[in-house]
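J.: Can you look at this prediction? I've put the sequence above it.
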Amino acid sequence: MNKREIIHDGVSIKIYGTENPEQVLIHFTDEITAYNKIKKAMITDKGIYCNGVSCMISQLLQDGGVPTHFIRQISSRDQLCWRASVIPMEVIVRNVVAGSLAQRLGIPEGLIPKEPIYDLCYKSDDLCDPIINDYHALALGLVNRTDLETIYTMTKQVNAILFPIFRKVGITLVDFKIEFGHLADGRLVMSDDITPDTARFWDIETGNKLDKDRFRHDKGHVGEAYKTVYDRLKSVF
Ligand code: UDP
């Protein structure tokens, strides 16, 4: 698999074209950022754990019937995916209150809502990904009604598949962010990676955070936490 032109030069992820115009290579680096890239650092082997977790999760989702852009893992830090035209909208699922939701609504972290909460955000670094609702998404033409319904159905499926798998390995899937896009043939797929960078994982027994919050809040042992998620998922994969 040859890397060609760079399509997206991100900090923790770089996306390259390949010899097949419909396929891209996603490369995971060891860099970590938070607070809209204001805080940056290197975490040894983070790229390996994130690529590993992402590949296992994408495979589990595909096996469970959720269409994704994932094709296969190429190396410890690389995965091959279908090229997607990504919808500029993030979908966040919250099984437990944490992060911006706790702050925004003044609810204690750890509270379990009566049912999962779904947030939509408009993807814009300049605006810090502001929260929007279904009406904004439709009125601004980010998605059409059919795709929005499919996105919610697929998002619920993702949560229904992943929550019990993580519970089995002693981890609460607190929340996660996903994005969707269209492939060249028009198919709507989840075109994102779920990793400890983009989801919150709490150890069920100890309550320890096993995700990017360790970096955001200077708790240390970031690499060890990411490795724990990787090792535990691998044990049931
Ligand atoms: N998230 C993400 N990218 C974003 C915003 C959020 O991956 O641009 C993830 C985040 O890591 C967490 C979940 O989505 O797992 C919910 O994030 P939240 O809204 O609580 O924002 P945060 O507190 O992370 O700023």
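T.: That came through fine. Numbering: from 1, shown residues only.

J.: Next, find the distance separating residue 167 from residue 214.
T.: Taking CB to CB, to the nearest Å as the measure, residue 167 falls 21 Å from residue 214. All C-beta spots, glycine's among them, are computed from the backbone N, C-alpha and C.

J.: Which one's more surrounded, these two?
T.: residue 214 (21 against 12; other CB atoms under 10 Å).

J.: need the contact list for the more buried one.
T.: 220-222, 225 (CB atoms under 8 Å, 6 or more residues apart in numbering).

J.: Over to the residue positioned nearest the centre of the chain: give its phi and psi.
T.: Per CA atoms, centre = their mean, the C-alpha nearest to the average position across the chain is that of residue 194, at 3.0 Å. The phi and psi torsions at residue 194 (degrees, to the nearest 10) take the values phi -110, psi 120.

J.: what about it, distance to the ligand?
T.: 9 Å (CB to the nearest ligand atom, to the nearest Å).

J.: cool, residue 148 as well?
T.: 19 Å.

J.: How many neighbouring residues does that residue have?
T.: 19.

J.: How about the secondary structure of it?
T.: With DSSP: H, G, I helix; E, B strand; the rest coil as the basis, residue 148 sits in helix.

J.: these two touch, right, it and residue 138?
T.: Yes. With contact defined as CB atoms under 8 Å, residue 148 reaches residue 138; the gap is 6.5 Å.

J.: Stretch 157-172 and the ligand, are they touching?
T.: No. Shown here: stretch 157-172 not in contact with the ligand (CB under 6 Å from any ligand atom), separated by at least 12.1 Å.

J.: That stretch: how far from the chain's middle?
T.: From the chain centre to the centre of stretch 157-172 is a distance of 14 Å (CA atoms, centre = their mean, to the nearest Å).

J.: Just the buried positions in that stretch, please.
T.: For stretch 157-172, a neighbour-count test (16 or more other CB atoms under 10 Å) marks 158-159, 161-163, 165-166, 169, 171-172 as buried.

J.: For the residues you listed, which two are the farthest from each other?
T.: 158 and 169 (17.1 Å; CB to CB).

J.: Now do the strands in the chain.
T.: Shown for the chain, the strands assigned by DSSP state E span residues 6-9, 13-17, 23-28, 31-34, 39-42, 70-73, 78-82, 84-94, 117-122, 131-132, 171-183, 188-190, 199-203.

J.: how distant is the longest one from the center of its chain?
T.: What separates the centre of strand 171-183 from the centre of its chain is 4 Å, taken as CA atoms, centre = their mean.

J.: can you tell me which residues contact residue 59?
T.: Neighbouring residues of residue 59 by CB under 8 Å, 6+ apart: 70, 237.

J.: typed the wrong thing, it's residue 159
T.: 93, 95, 116, 173, 176.

J.: Equivalent analysis for residue 6, please.
T.: Going by CB under 8 Å, 6+ apart, residue 6 touches 14-17.
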